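> structure for the following, please:
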Amino acid sequence: MLKNTVITTVLLVGLFLALEKLGVVTAAGAHPFWATNVAYIGIVIGIICSICASILMNRVSGISAWVLLFLIATSIAIGIITLFYGKAEFAASYAENALAGSVWYIGFMFLIGSVFTTIFVFTRIWSISKFRK
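Residues are numbered from 1 along each chain as shown. Sure, this is the predicted structure:
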């Protein structure tokens, strides 16, 4: 169990670092100056949330794991709404609204962490259900 968790986490970290190096984070809407920083912090947030989700998944079974996946996937929508709101307000203020810039920055970190955790939980549910049969 721990071995699968570590392998999944390492593969996801490699995937997200590769996506950052290819410029996907900047193309997705992150500020070019902060894209690398946002990606690294988002990956760390994703690792922490994935460890917590893995602990929770060991304590729950069946449908509860799918509910956990739904709740984490819902956080992706919250992250998208937050970052687009912050980005729009920051651009509308001609880069003078520091709070909107911070919302944009934190929203992107939250989004990357949420996507990381969602992929992690989905792969764990898939691997557990695949090997139980």
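
> longest helix of this structure?
Assignment by DSSP state H gives helix 98-132 as the longest helix of the chain.

> state the mean pLDDT of it.
The average pLDDT for helix 98-132 rounds to 88.

> in the chain, which spans are helices?
2-21, 24-27, 35-59, 63-92, 98-132.

> tell me the helices and strands packed up against the longest one.
It refers to helix 98-132. Counting contacts by 3 or more Cβ pairs under 8 Å, 6 or more residues apart in numbering; DSSP states H and E, helix 98-132 is packed against helix 2-21, helix 35-59, helix 63-92. Every residue, glycine included, has its C-beta placed from N, CA and C.

> centre of the chain to the second one, how far?
Offset of helix 35-59 from its chain centre (Cα atoms, centre = their mean, to the nearest Å): 7 Å.

> just the longest one next, same as before
Taking Cα atoms, centre = their mean, one finds helix 63-92 lying 9 Å from the centre of the chain it belongs to.

> list the buried residues for that helix?
65, 68-69, 72-73, 75-76, 79-80, 82-83, 86-87, 90 (16 or more other Cβ atoms under 10 Å).

> distance to I128 and pLDDT for those - can I get that in CSV?
Shown next, in CSV, are the buried residues of helix 63-92 (distance: Cβ to Cβ, whole Å; pLDDT from 0 to 100):
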residue, distance to I128, pLDDT
A65, 8, 79
L68, 12, 84
L69, 12, 86
I72, 16, 89
A73, 17, 88
S75, 21, 93
I76, 22, 93
G79, 26, 92
I80, 28, 93
T82, 31, 93
L83, 32, 90
G86, 36, 93
K87, 37, 92
F90, 42, 93
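
> what two of the residues you listed are the furthest from one another?
Longest distance between any two of these is 37.6 Å, between A65 and F90; criterion Cβ to Cβ.

> closest one to G29 among the helices and strands packed on helix 98-132?
By Cβ to Cβ (comparing all of the helices and strands packed on helix 98-132), the closest turns out to be helix 63-92, at 6.4 Å.

> which helices and strands does that closest one pack with?
Helix 63-92 sits against helix 35-59, helix 98-132, with contacts defined as 3+ Cβ pairs under 8 Å, 6+ apart.
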